[in-house]
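Undergrad: build me a model from this:
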Amino acid sequence: MKHDLFKIGELTKLLQITPRTIRYYDQLHLLPNVKRSDGNTRLFDNNDIKLIKTIRALQQKELLPLDHIKNKLFTTEVLKDKTICLTDSLSKKECLIPNSFHCISFPKKNNKTQKINLIKNDIIKLNKSGITYFIIFFSNEFTDIYNTVNLSIPKYITLHLYPIHPKNLLTPHIATSMKQL
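TA: This next block holds a predicted model:
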């Protein structure tokens, strides 16, 4: 699956939302992994789109103010109880992700299909213990694998996928929240 990047104008048409709203979400750190082009243009991927839809739903359906939404999505207390953060060993090393996060290590001999099955089985196993929300940080080389996993798991399991690029490591807000877990 191709991992498309959208400029803010394309995103506004796709989601029927104003550019100002998207910029405001970014300023409030509600969009923790927005990429930037060489010209400093914001670039959004499918994971950002999912997150914006979640924010909008919380605003409109639950009538929550943005600071409550931010707390609901990113507060460590919420993350502790309901979320598992998965990462591959390379991303864990690049981002200094705390040891308390579940790390999936892939033996080098595994092919793509085996890696997909390992991740899917890990998510389903963790889901059986009541976890339905997963934040996954991964190195660029695993993008296709995680996108395939995302499409093949049950819809009641939520995955937020964050590809880690050397120039685009975790924002201080998320890194701080993660260290507190």
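
Undergrad: alpha carbons only for contacts and neighbour counts from here, please
TA: OK.

Undergrad: and residue 126, how many residues sit next to it?
TA: By the criterion of other Cα atoms under 10 Å, residue 126 has 15 neighbours.

Undergrad: so it versus residue 118, what's the distance?
TA: From residue 126 over to residue 118 the distance is 12 Å, taken as Cα to Cα, to the nearest Å.

Undergrad: and residue 62, by the same measure?
TA: According to Cα to Cα, residue 62 stands 36 Å off from residue 118.

Undergrad: who has more neighbours, the two?
TA: residue 118 (16 against 10).

Undergrad: can you list the buried residues in the helix or strand harbouring that one?
TA: Per DSSP states H and E: residue 118 is located in helix 112-127. Residues of helix 112-127 classed as buried by neighbour count (16 or more other Cα atoms under 10 Å): 115, 116, 118, 119, 120, 123, 124, 127.

Undergrad: domain ranges for this structure, per the record?
TA: According to automatic domain parsing, the chain is divided into the following domains: 1-74, 75-181.

Undergrad: which of those has the lowest average pLDDT?
TA: Mean pLDDT is lowest for domain 75-181 among the domains of the chain, at a mean of 62.

Undergrad: can you pull out the helices in this protein?
TA: Along the chain, counting by DSSP state H, helices occupy 8-15, 19-27, 46-61, 66-74, 76-82, 89-95, 112-127, 143-152, 172-180.

Undergrad: tabulate the ones you listed (JSON lines), appending distance to residue 33.
TA: Shown next, in JSON lines, are the helices of the chain (distance: least, Cα to Cα, whole Å):
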{"stretch": "helix 8-15", "distance to residue 33": "14"}
{"stretch": "helix 19-27", "distance to residue 33": "9"}
{"stretch": "helix 46-61", "distance to residue 33": "8"}
{"stretch": "helix 66-74", "distance to residue 33": "13"}
{"stretch": "helix 76-82", "distance to residue 33": "17"}
{"stretch": "helix 89-95", "distance to residue 33": "13"}
{"stretch": "helix 112-127", "distance to residue 33": "22"}
{"stretch": "helix 143-152", "distance to residue 33": "15"}
{"stretch": "helix 172-180", "distance to residue 33": "9"}
